[in-house]
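[1] Fold the following for me, if possible:
(chains A, B, C and D)
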There are 2 protein chains.
Amino acid sequence: MARERKFSDEDLFLATKELLLNHGYEGFTFGLLAERLKVSRSALYKYFGNKEELIMEFMMYEMDQFMDKLRKIDDYDDFEDQFNYLLELMMSHRNIHQLIEIGRHVPVNNKKMEEKNKKLDGLHLNMYQSLVGFVGLGKKEGKLKPHIPDTLIVGYILQSFLVPNLAQIPHSEWVQSMKEIIRDGMFTDDN
Amino acid sequence: MARERKFSDEDLFLATKELLLNHGYEGFTFGLLAERLKVSRSALYKYFGNKEELIMEFMMYEMDQFMDKLRKIDDYDDFEDQFNYLLELMMSHRNIHQLIEIGRHVPVNNKKMEEKNKKLDGLHLNMYQSLVGFVGLGKKEGKLKPHIPDTLIVGYILQSFLVPNLAQIPHSEWVQSMKEIIRDGMFTDDN
DNA sequence: ACTCAAAATGACAAAAATGTCACTTTGGAT
DNA sequence: ATCCAAAGTGACATTTTTGTCATTTTGAGT
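    From the prediction side, this is the model:
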């Protein structure tokens, strides 16, 4: 027995995501978000005490969604299949890395935040472990170069998806080339 | 016949750089900058009318410095040498790409800004052309894969240096591995 | 049709950042 | 030594963002 809400959680988190990516953590304001949702600013305070809290909730939502998909990487036994799955996944969550970086800027003031922050750290750890597992498998199968640090491999893959496609190269060509660079580099074989 | 300044242009631009990288465009304030320089906030208004103007000046300063070095790439005839020079250069100006992205957030309000913005665009174009020239040489010498779009190659090289070295891998090892990934990828040869 | 709890609002006070200006300080030039 | 232009300051008015709260609106349940 309650009134219908004017915006769903999905609406809210989507708007939050766009604003965060366009304006950064410090440029994100409740005013902007309320405007986007066509709601009064004070309505938002019914759900989140402040900016930090909202952004933390958003991060968890985003990470949960991403992790649900990332965990599916273990459905594939073969490294090659995992690799393909991972690239597709990253392509559809291009900015997860960027968002995580923004999340690191959120100040932790009180106990409540402390807790949320810990939870989020846990999710990051999960993600990292999942990716390190992937790299481990690749090395074990002899597919990935053993002497390159795991963290660099993981970081490089994540970072790849942030290269801006300024020249508007068609999607499939872009992904194809990207995959090739990641696998075999940009130099020709005879070097 | 004037009083000695309490801070040099270098001081100011260095502080600006750090603040921009740590807080982003919207999080950068005159208050923070003044505090950093141990000067009153109003002193800064003697030199820059507002935040946008200051940041534009900073961008030009930074780009000028970078371009001076980037242009030296043409001192090397051989692509291989150009490649090595470029990686070293990028390593010591790791965040130039990030700064350029931040610069794109600066709103252009008036004629004066319009002009500065044009000048900055010119510098970006220079940078881009210089890098495209480099890629062109690489392709001509048969070193770079001809079917990968120039913009992707350029973007990749720039982006690579933003991979955070979270595990604190020693600098030389990090650069070495990075170079290898860029050249030949992360997969072993027998794939 | 009435109730009432959740949803939404607008108005308010406080905090933070901006921009301006009259005034003070400083140190090289005379 | 003293002049004075540039450097720096503190106080003020304005704007933007934040956070709170009393009040109003809404619509599902009865």
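
[2] next helix or strand past the helix or strand bottoming out on mean pLDDT in chain A?
    Least confident helix or strand of chain A, by mean pLDDT, DSSP states H and E, is helix A:96-103 with a mean of 90. The first helix or strand that comes after helix A:96-103 along the chain, using DSSP states H and E, is helix A:111-140.

[3] What are the buried residues along that next one?
    A:113, A:116-117, A:120, A:123, A:127, A:130-131, A:134-135, A:137-139 (16 or more other CB atoms under 10 Å in any protein chain shown). In this view, the C-beta of every residue, glycine as well, is placed from N, C-alpha and C.

[4] which residues are contacting stretch A:73-85?
    A:72, A:86, A:89, A:130, A:133-134, A:137-138, A:141, A:143-144 (CB atoms under 8 Å, 6 or more residues apart in numbering or on different chains).

[5] Please work out the average pLDDT along it.
    For stretch A:73-85, mean pLDDT rounds to 96.

[6] Extract the CA atoms of it and return them as PDB.
    Taking Å, rounded to 0.1, in the frame of the first residue of the first chain, the C-alpha atoms of stretch A:73-85 are listed here in PDB:
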ATOM      1  CA  ILE A  73      34.200 -17.600 -17.300                       C
ATOM      2  CA  ASP A  74      34.700 -20.800 -15.300                       C
ATOM      3  CA  ASP A  75      32.000 -22.500 -17.400                       C
ATOM      4  CA  TYR A  76      34.700 -22.700 -20.100                       C
ATOM      5  CA  ASP A  77      37.400 -25.300 -19.500                       C
ATOM      6  CA  ASP A  78      39.600 -24.300 -22.300                       C
ATOM      7  CA  PHE A  79      41.700 -21.100 -22.100                       C
ATOM      8  CA  GLU A  80      41.000 -20.100 -25.600                       C
ATOM      9  CA  ASP A  81      37.300 -20.100 -24.900                       C
ATOM     10  CA  GLN A  82      37.800 -18.200 -21.700                       C
ATOM     11  CA  PHE A  83      39.800 -15.600 -23.600                       C
ATOM     12  CA  ASN A  84      37.000 -15.100 -26.100                       C
ATOM     13  CA  TYR A  85      34.300 -14.900 -23.500                       C
END
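
[7] for it, the distance to its chain's centre please.
    Mean-position distance between stretch A:73-85 and its chain equals 19 Å (CA atoms, centre = their mean, to the nearest Å).

[8] And stretch A:162-175, by the same measure?
    The answer for stretch A:162-175 is 19 Å, by CA atoms, centre = their mean.

[9] End to end on that stretch, go ahead and measure it.
    12 Å (CA to CA, to the nearest Å).

[10] export the contacts of stretch A:73-85 to JSON lines and tack on distance to residue A:79?
    Shown next, in JSON lines, are those (distance: CB to CB, whole Å):
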{"residue": "A:72", "distance to residue A:79": "15"}
{"residue": "A:86", "distance to residue A:79": "10"}
{"residue": "A:89", "distance to residue A:79": "15"}
{"residue": "A:130", "distance to residue A:79": "14"}
{"residue": "A:133", "distance to residue A:79": "11"}
{"residue": "A:134", "distance to residue A:79": "8"}
{"residue": "A:137", "distance to residue A:79": "5"}
{"residue": "A:138", "distance to residue A:79": "5"}
{"residue": "A:141", "distance to residue A:79": "5"}
{"residue": "A:143", "distance to residue A:79": "5"}
{"residue": "A:144", "distance to residue A:79": "8"}
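
[11] Perfect, that will be all.
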